[in-house]
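**Q** take a look and give me a structure for this.
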Amino acid sequence: LSEQQLESGKKVSDSNPCVDSVRNRKMDLTNPFGDVIEEIHSILKGNEQNIDIVKPVDEEFCKAFNLLHNDEPVQKRFDQLLISSMENDEKKDIEKSVKFREEGNKLFREGKFSECLKCYNTSIMLAPCSTNFEEENDSVDFAMSLTNRAAILGKFKMHKNAAEDLEVAIKSGYPKHLLYKAYQRLGVAYEGLGDQKKAKSAYEKLLEALDYSDIPNDKVKKMKKDAHFALDSLNTTLPTKQHLLNELSLTSEHEDIRTLSSSIEIRTTAEKGRFAVAKDKIEVGEIVSNETAIVSSLVPSKRRTHCLHCCRETLCPLPCAGCCTVGFCSQECRKEGMVVHRYECKISGFLSILPAKLSQLTNQFLTTVSAVLQHPIQFHLEVFDNWRNGNEPKKEDKEAFAYHSLHNLVKHFEDIDLLQHIATTLTLLKFLKNLGYFSEDIKQEDELKLGQVLCHYFGAVLPNIHAIFERKATPEDPMKSDMVAVALYPNVASHLNHSCDPNTFVIDIGRVQVTVAGRNIEPGEEICHVYYGHFGDTSKEKRQKYLLQKYHFKCDCEACEKDYHNAEECVEIAKTFASTPKENLRMPLSQQELENLDVENDKLHQMVESALSKNMVPLAVEVTKKRIHLISKHLKQPHILYLMGRCSIVNYMSYIYGNKSFQYKPKRLPCYF
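**A** Numbering: from 1, shown residues only. Model (predicted):
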């Protein structure tokens, strides 16, 4: 397969033996890199006497690298993957784009707006466009489809997206004689957003554009009159919309680790390593951490429906200039996301046909690739050298600091099959080379060192990766969650340990992970996540087995040590304060005092019911916090009231702030207890 064929993306001839090979053998799409890894592993296995897996991983990778640096069979395997990619990739096509736009126009006239939007989206994805939307360019068909889509977005009150489409369309060569349409819609969009200044500018440009439009004079006069009226009406101050994300920011930042709360203290012991404890009392609902992922990787089946960068669902994607299989929710996300995607673009078709449920290895592989592609090779080599030499980067250099933190994460080299790990790392190195991340004339010592970096990144990913979820209601389960991506949050991963009875929970907002206190956390108490399995719904045996297998530790949290009852058993023991056994009380209380607590809890329960019946979920959150305060003050775990309090605060706050599918419209949230 020639370089020219790979770069042009032209379909390879049917007689090509590599193509026949791909067609005739069944590739396991859940683990597409498995064959290559196994081939390398078998070669390393045959030379095992030369590779001492007891020695440091960097040293042993060096031996493996020298053994397999120029292996032709491995290179052929990657050629096959690229061919497979091209056969599944849809290229830009003006004729198809125009047909979909015309079909969208027809549906618009018929009032079928949802179907119309789908046609315009397809038209936009197929239309050739510029790599840089901030510069003037000549992509007329792309601009025409964007402007038409903006009309639909205006119907749906999606003013921010409409404004962005129109700004891009104007830059992309929208015809001069039609510009009045773009500026008229832009003015309406900015009015809807409450942005007086930009609305005024759009209406002033509309007046100018009408002078060179091709519409009849009487219509020009009417539109100018309407524009002047709109400008006059802008004298009234319009409200500015607030973003919910700001409401989940840290009250004050930790002095050294800016993504953590100042209420946290970091401690280190020989047994536990680094871990976080509460320096001050942390109240239920308080933000413990707010961290943006240093890297995220979309589930393949979401690549056409979600923003490739921020992982949010998008109804109106902005396209990549080179392929038709990914989209971005905004110009900002497109600019950020293209840093990685510019390399992955040529295999985008291949990535898009991978199934929703990938093997653990494939998720780990693709996340590691994305982590590397975020920065040039020299960045990774410098961070690696500084880390090995014990030199910490300046905190102001956020990216270097984040990747230095990535190197510090637990990798479990002593617990894994190191030969298999090195085989996978060599595969990663070959893969990055095929993507064009580094050139053929790279110094061999730099390529070797990059491979060593990959050894550490790949080791850090698996035990520290987090899933990103969004709410997607079904008739059976109004609070159902769907995994959309995996991501790395080094500061959370390196400081928050696991407990089967966690005192925090997380909310995913795009690719930002917000950690929230799920109950009151006392000073000196360790702050914990749940990696897998809460004691309320997962047996101790199952939890212990999974944690040992994936994270290589035997959990000794209190829930495991005391073998807490599960939720069903807790219900049988006590449902109220009054029926709680003495050993589950924090202090001695009389029967009358316990009954009074039940009365108070019941009043709060009724307030939650009332708030939810009116869809006043923020009020339900505040009242639920009061109930959890009551529970935390008087009861010990395990208790069903603790479990139901956690369930309530998690679901209500996730409903308000978390990622949600556009299909997520539960009729009413339940009152859990």
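**Q** could you list the low-confidence segments of the stretch 451-600 of the chain?
**A** With pLDDT under 70 as the threshold, the stretch 451-600 of the chain has low-confidence stretches at 478.
**Q** which residues of it fall in strands?
**A** Listed from the start of the chain, the stretch 451-600 of the chain has strands (DSSP state E, counting those that start in this stretch) covering 465-471, 481-488, 497-498, 504-509, 512-517, 528-529.
**Q** nearest approach to residue 126 belongs to which of the ones you listed?
**A** Comparing the strands of the stretch 451-600 of the chain against residue 126 with CB to CB, the closest turns out to be strand 481-488 (24.5 Å). C-beta: built from backbone N, CA, C; applies to glycine.
**Q** please name the residues that touch residue 291.
**A** Under the criterion of CB atoms under 8 Å, 6 or more residues apart in numbering, the neighbours of residue 291 are 259, 489, 491, 492, 512, 513, 515.
**Q** cutoff 10 Å now
**A** Contacts of residue 291 were listed using CB atoms under 10 Å, 6 or more residues apart in numbering, and they are 257-260, 402, 466, 487-493, 506, 511-515.
**Q** whichever of those residues end up buried, select them in ChimeraX.
**A** Selection command for ChimeraX covering only the buried members of those, criterion 16 or more other CB atoms under 10 Å:
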select :257,259,260,402,466,487,488,489,490,491,492,493,506,511,512,513,514,515
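**Q** hmm, back to that, for the strands of the stretch 451-600 of the chain, which one sits closest to residue 376?
**A** Each of the strands of the stretch 451-600 of the chain was checked against residue 376 via CB to CB, and the shortest separation belongs to strand 481-488, namely 19.0 Å.
**Q** now that closest one: buried residues?
**A** Buried residues in strand 481-488, defined by neighbour count with 16+ other CB under 10 Å: 481, 482, 484, 485, 486, 487, 488.
**Q** one more: stretch 212-220?
**A** Those buried within stretch 212-220 under the rule 16+ other CB under 10 Å are residue 213.
**Q** for stretch 390-409, same thing?
**A** Buried residues in stretch 390-409, defined by neighbour count with 16+ other CB under 10 Å: 393, 400, 401, 402, 403, 404, 405, 406, 407, 408, 409.
**Q** make CSV out of the residues you listed and add distance to residue 118, secondary structure and pLDDT.
**A** As requested, the buried residues of stretch 390-409 are arranged in CSV below (distance: CB to CB, whole Å; DSSP: H, G, I helix; E, B strand; the rest coil; pLDDT from 0 to 100):
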residue, distance to residue 118, secondary structure, pLDDT
393, 46, coil, 89
400, 43, helix, 93
401, 43, helix, 91
402, 38, helix, 91
403, 40, helix, 94
404, 45, helix, 94
405, 42, helix, 92
406, 39, helix, 93
407, 45, helix, 94
408, 46, helix, 92
409, 42, coil, 92
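**Q** closest to residue 165 among those residues?
**A** Of all these, the one with the least separation from residue 165 (CB to CB) is residue 402, at 32.8 Å.
**Q** so for the closest one, what's the nearest residue that isn't a sequence neighbour?
**A** Spatial nearest neighbour of residue 402, excluding adjacent residues (CB to CB, 6 or more residues apart in numbering): residue 294 at 4.5 Å.
**Q** could you check the distance from that neighbour over to residue 484?
**A** Between residue 294 and residue 484 the distance is 18 Å, computed by CB to CB, to the nearest Å.
**Q** related to what we said a few turns ago, and of the buried residues of stretch 390-409, the nearest to residue 169?
**A** Within these, proximity to residue 169 (CB to CB) peaks at residue 402, which comes in at 35.9 Å.
**Q** show me what contacts the closest one?
**A** When contacts are counted by CB under 10 Å, 6+ apart, residue 402 is found next to 259, 291-295, 374, 383, 393, 488-491.
**Q** how far away is it from residue 340?
**A** Taking CB to CB as the criterion, residue 402 is separated from residue 340 by 15 Å.
**Q** swap in residue 148?
**A** From residue 148 across to residue 340, the span is 30 Å (CB to CB).
**Q** re the thing from before, can you tell me how far the residue nearest to residue 402 is from residue 643?
**A** Look at residue 294 and residue 643: by CB to CB, they are 33 Å apart.
**Q** what does residue 540 give?
**A** Residue 540 sits 16 Å away from residue 643 when distances are taken as CB to CB.
**Q** more crowded one of those two?
**A** residue 643 (23 against 17; other CB atoms under 10 Å).
**Q** need the contact list for the residue nearest to the more buried one when sequence neighbours are not counted.
**A** Excluding its sequence neighbours, the residue lying closest to residue 643 (CB to CB, 6+ apart) is residue 536, at 4.7 Å. Residues counted as contacts of residue 536 (CB under 10 Å, 6+ apart) are 500-501, 559, 564-570, 637-638, 640, 642-644, 646-647.
**Q** helices along the stretch 351-500 of the chain, start to end?
**A** Shown for the stretch 351-500 of the chain, the helices assigned by DSSP state H, counting those that start in this stretch span residues 360-373, 377-388, 398-408, 418-434, 444-464, 490-495.
**Q** pipe these into a markdown table and attach distance to residue 130 per row.
**A** Formatted as a markdown table, the entries for the helices of the stretch 351-500 of the chain read as follows, by distance: least, CB to CB, whole Å:
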| stretch | distance to residue 130 |
| --- | --- |
| helix 360-373 | 22 |
| helix 377-388 | 27 |
| helix 398-408 | 27 |
| helix 418-434 | 26 |
| helix 444-464 | 32 |
| helix 490-495 | 35 |
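**Q** so which strand or helix has the residue lying closest to residue 600 once chain neighbours are set aside?
**A** Leaving out its chain neighbours, the residue that sits closest to residue 600 by CB to CB, 6+ apart is residue 630, at 6.6 Å. Assigned by DSSP states H and E, residue 630 falls within helix 617-634.
**Q** quick check: angle from that helix to strand 512-517?
**A** Using axes from the mean of the first three to the mean of the last three CA atoms, to 10 degrees, the inter-axis angle of helix 617-634 relative to strand 512-517 is 40 degrees.
**Q** buried stuff in helix 617-634?
**A** For helix 617-634, a neighbour-count test (16+ other CB under 10 Å) marks 617, 619-621, 623-632, 634 as buried.
**Q** can you check stretch 431-443 too?
**A** Buried residues in stretch 431-443, counted by 16+ other CB under 10 Å: 431, 432, 433, 434, 435, 437, 438.
**Q** likewise for stretch 151-167?
**A** By neighbour count, with 16+ other CB under 10 Å as the criterion, the buried positions of stretch 151-167 are 151-154, 158-167.
**Q** ok, of the residues you listed, which one's closest to residue 357?
**A** Of all the buried residues of stretch 151-167, residue 357 sits closest to residue 161, with 30.8 Å by CB to CB.
**Q** one step back: tell me the one of the buried residues of stretch 431-443 nearest residue 249?
**A** When the buried residues of stretch 431-443 are compared for distance to residue 249 (CB to CB), residue 437 comes out closest, at 34.9 Å.
**Q** picking up where we left off before, redo the buried residues of stretch 431-443 as JSON lines? Include pLDDT.
**A** Putting the buried residues of stretch 431-443 into JSON lines (pLDDT from 0 to 100) gives the following:
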{"residue": "431", "pLDDT": "90"}
{"residue": "432", "pLDDT": "93"}
{"residue": "433", "pLDDT": "90"}
{"residue": "434", "pLDDT": "86"}
{"residue": "435", "pLDDT": "89"}
{"residue": "437", "pLDDT": "95"}
{"residue": "438", "pLDDT": "92"}
